[in-house]
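J.: coords please:
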Amino acid sequence: MKLRKSLILLLFVFFTLVTSAVFAQSSAELKRKKEAIQREIELLQRNLTKTAKSKKLTLGQISALNAKINLMQDKITVINSEIKNLDNQIHENTNTVISLKGQLSQLKKEYGAMIRFAQRNKNAYDKMMFIFAAKDFNQAYKRIKYLQQFGQYRKKQAGYIQGTQKDLNNKIVVLDKNLKEKSNLLHEQENEKDKLGKNKSEQSAVLNKYAKQEKQYQKDIAARKKQQAQIDRSIRAAIAREIALERKRAEEAARAAAAKAAAAAAAAAAKAKAENRPAPAAVPAAKPKAGGDYLAATPEAAKLSSAFESNRGGLPWPVASGSITESFGKHKSGQANYDNVGITIQTADGAAVRAIFNGEVRKVSGVMGKYYVLIRHGQFFTVYSNLRSVSVGVGDKVTTKQTIGVVALEGGVPELQFQIWRGQTPQNPAGWIAK
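T.: Numbers count the residues shown, from 1 in each chain. This is a model prediction of the structure:
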């Protein structure tokens, strides 16, 4: 019975420790996520502050404000998750305190009974009489062992009481800390809700201003769309040229291999004829590859493609800090519809733009005073647009996180247009770079 109680106590302590460890891990992850969101909010706010004095409202400002509001909502969601975690921990710790109090009470009750028994039998004469009253030697020996074990168990019981009291005090401290932390989080949540309300009011004012100047914004969107379409056409043409070059190399290699195989076959046929035996069967020609497959035709390109793909979801950002203000895919602004084949990242003014993986620069081009860089990674390509300066040239080998240029301003805010292509198919970069 006592062994069973000890096992239950050990299991209970183990479960509590495991639960605490899981909570601590989850709480740390949420805290890191909240801090990352706050850094993005502060970056967007700095950009908005810089452009606030400008009378003309830009698309970059609208995107920054919308992104900031979304991030603030995300932050409130994270705080809610933190509060939920704390509620679970408070519930667990409250149950633990109640259980430890019950155990402590029971241990003290049992210890009190042992003390009373010991008081009644503390006389050495009574102990000797208890031993000598045994029927035989075996029973006397057992009574001696019983008295020894009783004394040892009493000491252990005192140790259990001290340990349980210590655990109880520790849990009470942790519980108090949880309650204070929850109070702080609730206060933070209220502050964030107030800030969100103010930013939504600011958003409404911005949208009203946008509505009054909609014609001008439609012209800006059309001009931006035209410029981006020009860049996208240039990118597609550059990728098509890469595929054409690889196809040409592959076809030349195939022709050379075919000529070599034909010569070998002719020699084998002549030898077979001379030896009066059947000629060996002809080796079938290799099937032509699909366009994009030529990009990974060589062992080096195939290895680089595989390495790039194996890092999907963990590739570094093209800037050290930033926030995605326009996602991949189709968008609508007023009456204008446009397609973003990459993502738009707002970053710090003068931020360095970095290659996200090892590769080779295949194109550097200027459009209306700004630049874009195309880097090949086997059958994959990355594109870095809206650079005010470039520090690499065509044919340069680049490494992961190597600086390739500096971001330019777009509508008063530092913005990078970033794309990833698999062959001639654009990919959503948000699924490739680290969260």
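
J.: So residue 312 lies in a helix, does it not?
T.: No - assessed with DSSP: H, G, I helix; E, B strand; the rest coil, residue 312 is coil; it does not lie in a helix.

J.: Would you mind confirming that residue 234 makes contact with residue 365?
T.: Yes - assessed by Cβ atoms under 8 Å, residue 234 is found in contact with residue 365 at 5.9 Å. The C-beta positions use only the backbone N, C-alpha and C, and glycine is treated the same way.

J.: Now for these two: what residues contact both?
T.: Listed as contacting both residue 234 and residue 365 by Cβ atoms under 8 Å, 6 or more residues apart in numbering are residue 372.

J.: does the closest residue to residue 192 other than its chain neighbours sit in a helix, a strand or a coil?
T.: Across the structure, with Cβ to Cβ, 6 or more residues apart in numbering as the measure, the residue nearest residue 192 apart from its sequence neighbours is residue 76 (5.2 Å). Secondary structure, three-state DSSP: residue 76 is helix.

J.: dump the residue contacts of residue 76.
T.: With Cβ under 8 Å, 6+ apart as the criterion, the residues that contact residue 76 are 189, 192-193, 196.

J.: and those, which are buried?
T.: Neighbour counting with 16 or more other Cβ atoms under 10 Å marks 189, 192, 196 as buried within those.

J.: Closest one to residue 138 out of the residues you listed, please.
T.: Using Cβ to Cβ, residue 189 is the member of those that sits closest to residue 138, with 72.1 Å.

J.: Next one: that closest one from residue 38, what distance?
T.: Note on residue 189: its distance to residue 38, by Cβ to Cβ, to the nearest Å, is 14 Å.

J.: count of residues packed around residue 264?
T.: Neighbour count of residue 264, defined by other Cβ atoms under 10 Å: 12.

J.: what do you get for residue 201?
T.: As a measure of burial, residue 201 has 10 neighbours, counting by other Cβ under 10 Å.

J.: now residue 433
T.: Each residue near residue 433 was counted by other Cβ under 10 Å, and the total is 20.

J.: Kindly report the same for residue 27.
T.: Using other Cβ under 10 Å, residue 27 has 16 other residues around it.

J.: Kindly report the same for residue 34.
T.: Residue 34 has 20 neighbours, counted by other Cβ under 10 Å.

J.: Now residue 50: which helix or strand?
T.: Assigning secondary structure by DSSP states H and E places residue 50 in helix 2-51.

J.: tell me the mean pLDDT over that helix?
T.: Helix 2-51 carries an average pLDDT of 66.

J.: again, but for stretch 109-122
T.: Along stretch 109-122, the predicted confidence averages to a pLDDT of 64.

J.: looking at it, residue 370 is touching residue 408, isn't it?
T.: Yes - proximity of residue 370 to residue 408 meets the contact threshold set by Cβ under 8 Å, at 5.1 Å.

J.: who touches both of these two?
T.: Common contact partners of residue 370 and residue 408 (Cβ under 8 Å, 6+ apart): 386-388.

J.: Just the buried ones from those, in PyMOL syntax?
T.: With 16+ other Cβ under 10 Å as the criterion, this PyMOL line picks the buried residues out of the shared contacts of residue 370 and residue 408:
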select buried, resi 386+387
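
J.: Could you list which of the shared contacts of residue 370 and residue 408 belong to strands?
T.: Residues of these located in strands (DSSP state E): 386-388.

J.: How about residue 240: what's its closest non-neighbour residue?
T.: The shortest distance from residue 240 to any residue other than its chain neighbours is 6.8 Å, reached at residue 424 (Cβ to Cβ, 6+ apart).

J.: Surely that neighbour and residue 239 touch.
T.: Yes - with contact taken as Cβ under 8 Å, residue 424 and residue 239 are classed as touching, separated by 5.5 Å.

J.: Could you report the distance from the nearest residue to residue 41 once chain neighbours are set aside to residue 226?
T.: Distance criterion Cβ to Cβ, 6+ apart; nearest residue to residue 41, sequence neighbours excluded, is residue 71 at 5.1 Å. Between residue 71 and residue 226 the distance is 30 Å, computed by Cβ to Cβ.

J.: Residue 93 is in contact with residue 174, correct?
T.: Yes - between residue 174 and residue 93 there is a contact under Cβ under 8 Å: 5.8 Å.

J.: which one of those two has more residues nearby?
T.: For residue 174 versus residue 93, neighbours defined as other Cβ under 10 Å are more numerous around residue 93 (23 against 17).

J.: And for residue 81, nearest residue in space, chain neighbours not counted?
T.: residue 30 (5.6 Å).

J.: what about the one you found, how many neighbours?
T.: Neighbourhood size, residue 30 [other Cβ under 10 Å]: 17.
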